[in-house]
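Undergrad: Quick one, fold the following:
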Amino acid sequence: MLQRASKPLLSLFALSLASCSGTLFHEYRAIDDTCWSRSDTLMFIYDRSHESGVTGYELTLEARVDASYAYKYLVAGVQVNGKLKAENGKQETEIFADTLVCEVYDGNGNPNGATAGILYQVSSEPIYIDAIEGDTLFMRVSHIMDNDELGGVYDVGLRICSSSGRGQRQSSGK
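TA: Next up is the predicted model:
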């Protein structure tokens, strides 16, 4: 029994390691009562003061959902803010915003992503963001689906990896 349960978890772990060149940040936020309201903005803070030589990031949205999730896709708006010093010495905010999409079910209605028990973990395609100056990234995530409340969503997370940006979809917002 233990070996059967370990195989999906090991596969999930191996997949997560192979998905980016160097994970710098990876956190999830639990969704209260497995119902994500459009007004529930999830906040993430990444302290990048220990970084050196990072020229850009791959940003990926991740979600854990169960079979009650009623849509093929999970679409979320992601906003990344960073503080930087302008030439005049004042603090300014640099903002990147984009839409990220996780495909929850394939064209035949089968769940995508890795599974461990009743939950499926799905990820968006990464977007590339140029390195933002400053020591801290403030990230906000909210769903932008037609329905105000999404049932079946347990956790939503962000993964940030270091990247050179080659071959990546550039963020559409700045």
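Undergrad: was I right about residue 118 contacting residue 67?
TA: Yes: taking CB atoms under 8 Å as the definition, residue 118 is a contact partner of residue 67 at 7.1 Å. (C-beta placed from N, C-alpha, C; glycine too.)
Undergrad: roughly how far apart are the residue positioned nearest the centre of the chain and residue 44?
TA: For the chain, the residue nearest the mean C-alpha position is residue 61 (2.1 Å; CA atoms, centre = their mean). For residue 61, the distance to residue 44 equals 11 Å [CB to CB, to the nearest Å].
Undergrad: What of residue 117?
TA: 25 Å.
Undergrad: Residue 122 too?
TA: Taking CB to CB, one finds residue 122 at 18 Å from residue 44.
Undergrad: More neighbours: these two, which one.
TA: residue 122 (22 against 19; other CB atoms under 10 Å).
Undergrad: beta partners for the more buried one?
TA: residue 63 (DSSP bridges).
Undergrad: any idea how far residue 78 is from residue 100?
TA: 6 Å.
Undergrad: Need the overlap of contacts for these two.
TA: 59, 61 (CB atoms under 8 Å, 6 or more residues apart in numbering).
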